[in-house]
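Undergrad: Sharing a model prediction with you, sequence too.
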Amino acid sequence: MSAAIIITAVLGGGFLLIARRIFSKRKSVKLLCFPAGTMRGKTIIVTGANCGIGKATAAELLKLQARVIMACRDMQRAEEAAVEIKKTAGPDHGEVVLKHLDLASLQSVRNFCEEVIKEEPKIDVLINNAGIYQCPYTKTEEGFEMQLGVNHLGHFLLTHLLLDLLKSSAPSRIVVVSSKLYKYGQINFDDLNSTANYNKAFCYSQSKLANLLFTGELARRLDSTGVTVNALTPGMVRTSLGRHVHIPLLARPLFKLASWLFFKSPLEGAQTPLYLACSPDVEGVTGKCFANCEEEVLQPKATDDQAARRLWALSEDMVALRK
């Protein structure tokens, strides 16, 4: 037996043991069951709806007869996803609307919002789902570090530009997809764009912490408007989000096996965003974070009001909302 095979077997066995230790506590996810027509007459925007959690969320909302606006960067993939989810939703499904949205371009965000405001009389739910994970150092169209730009700044501007429509549509909801990896992040106010030092894992965690601080500050600003905003952490889900993570060739089959054994499916990962978008249980609830459809206790750094206000002001400057 070659040394490479022995090493692979040892590493693979160790990986599976560690994975089992980490994920053995994950219970099977109970799928939500809402009455047919629950979201009939509701218009819902889902960013990144062409794959992963976003696609699964859009598909379930379509089954509930919602009007789903799939806001996607890759329109070909969006069209393919729309055909698939309409086919699986059955004959009595809602409506799908495809719109281009590239969160790495603030001009694209503005164009998208102009179209929505012009064409849609109301927005009942905005689901800020799209994201990018541990990519190599790249910049958005405006020169921001890509993970911060897509995961936080793009959604920050998107939400801000749609606020008047959301307010006029009240009661309405905003759902923000964060991650438990926020725990490993800090907001580096001295170098938010990570120009001095780029660590792709830290920058992802920073962007997900920014999602939570944004949620808390937005909830405070929307008090008494009828618009609620809540965040969620979906857990480990089998999606293409980790496409930038390098896994050694020999370890890939083992990683794929482990992901099927221990990670959630996209449909399971979509349960909490669906809960926050549809459930009467969270009507009027705002400024919270949820995991597995239950409120989650956050670390103090994710509920730091001073940091949230500072990040808000800086974000306004970065996306040119303040002149």
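TA: All right, it came through fine.
Undergrad: Endpoint to endpoint, stretch 272-292 covers what distance?
TA: For stretch 272-292, the separation between the terminal residues is 6 Å (CA to CA, to the nearest Å).
Undergrad: Check the model's average confidence along that stretch for me.
TA: Here the mean pLDDT over stretch 272-292 is 98, rounded to a whole number.
Undergrad: what's in contact with the host helix or strand of Glu84?
TA: Taking DSSP states H and E as the criterion, Glu84 maps to helix 75-89. Contacting residues not belonging to helix 75-89 are listed as 49-51, 55, 58-59, 62-63, 70, 72, 93, 96, 98, 100 [CB atoms under 8 Å, 6 or more residues apart in numbering]. (C-beta placed from N, C-alpha, C; glycine too.)
Undergrad: Which is the succeeding secondary structure element to that helix?
TA: Scanning forward in sequence from helix 75-89 by DSSP H and E, the next helix or strand is strand 95-100.
Undergrad: Can you show me the strands along this structure?
TA: For the chain, the strands identified by DSSP state E occupy 43-47, 67-72, 95-100, 125-128, 172-177, 227-232, 289-291, 294-295, in order along the chain.
Undergrad: For the fourth one, name the packing helices and strands.
TA: Contacts defined by 3 or more CB pairs under 8 Å, 6 or more residues apart in numbering; DSSP states H and E place strand 125-128 against strand 43-47, helix 155-168, strand 172-177, helix 271-278.
Undergrad: Reformat those as a markdown table; add distance to Cys33.
TA: A markdown table is the format used below for the helices and strands packed on strand 125-128 (distance: least, CB to CB, whole Å):
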| stretch | distance to Cys33 |
| --- | --- |
| strand 43-47 | 18 |
| helix 155-168 | 27 |
| strand 172-177 | 19 |
| helix 271-278 | 11 |
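Undergrad: In a markdown table: those, plus distance to Met146 and mean neighbour count.
TA: What follows is these, written out as a markdown table (distance: least, CB to CB, whole Å; neighbours: other CB atoms under 10 Å):
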| stretch | distance to Met146 | mean neighbour count |
| --- | --- | --- |
| strand 43-47 | 16 | 27 |
| helix 155-168 | 14 | 20 |
| strand 172-177 | 17 | 26 |
| helix 271-278 | 23 | 24 |
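Undergrad: for those, which one sits closest to Arg110?
TA: If you check each of the helices and strands packed on strand 125-128 against Arg110 by CB to CB, helix 155-168 wins as the nearest, at 6.8 Å.
Undergrad: Tell me what angle the closest one forms with strand 172-177.
TA: With axes from the mean of the first three to the mean of the last three CA atoms, to 10 degrees defining the directions, helix 155-168 sits at 160 degrees from strand 172-177.
Undergrad: got the CA coordinates for helix 155-168 in PDB?
TA: The C-alpha trace of helix 155-168 is given here as PDB (Å, rounded to 0.1, in the frame of the first residue of the first chain):
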ATOM      1  CA  HIS A 155     -27.500  44.600   1.300                       C
ATOM      2  CA  PHE A 156     -27.200  47.700   3.500                       C
ATOM      3  CA  LEU A 157     -27.800  50.000   0.400                       C
ATOM      4  CA  LEU A 158     -30.500  47.600  -1.000                       C
ATOM      5  CA  THR A 159     -32.500  47.700   2.300                       C
ATOM      6  CA  HIS A 160     -32.100  51.400   2.700                       C
ATOM      7  CA  LEU A 161     -33.400  52.200  -0.800                       C
ATOM      8  CA  LEU A 162     -36.400  49.900  -0.300                       C
ATOM      9  CA  LEU A 163     -37.300  51.200   3.200                       C
ATOM     10  CA  ASP A 164     -40.000  53.600   2.100                       C
ATOM     11  CA  LEU A 165     -41.800  50.900   0.100                       C
ATOM     12  CA  LEU A 166     -41.500  48.500   3.000                       C
ATOM     13  CA  LYS A 167     -42.900  51.100   5.400                       C
ATOM     14  CA  SER A 168     -45.800  51.800   3.100                       C
END
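Undergrad: And for it, what's in contact with it?
TA: If you take CB under 8 Å, 6+ apart as the criterion, helix 155-168 is touched by 45, 47, 101, 103, 106, 109-110, 112-113, 116-117, 120, 122-123, 126, 128, 130, 172, 174, 176, 211, 214, 218, 222, 225-227, 315, 319, 321.
Undergrad: ok, back up a step: need the max-distance pair from the contacts of helix 75-89.
TA: Maximum pairwise distance among these (CB to CB): 24.6 Å, between Lys63 and His100.
Undergrad: More neighbours: those two, which one.
TA: When Lys63 and His100 are compared for neighbours, Lys63 comes out ahead with 20 against 14, by other CB atoms under 10 Å.
Undergrad: can you tell me how far that one sits from Lys180?
TA: Here Lys63 is placed at a distance of 28 Å from Lys180 (CB to CB, to the nearest Å).
Undergrad: Ok, Glu316 next?
TA: Separation of Glu316 from Lys180 (CB to CB): 27 Å.
Undergrad: Repeat that for Asp164.
TA: Distance, Asp164 to Lys180, using CB to CB: 33 Å.
Undergrad: Geometrically speaking, which residue is the centre of the chain?
TA: With distances taken as CA atoms, centre = their mean, the chain has Asn129 as the residue nearest its mean C-alpha position (2.7 Å).
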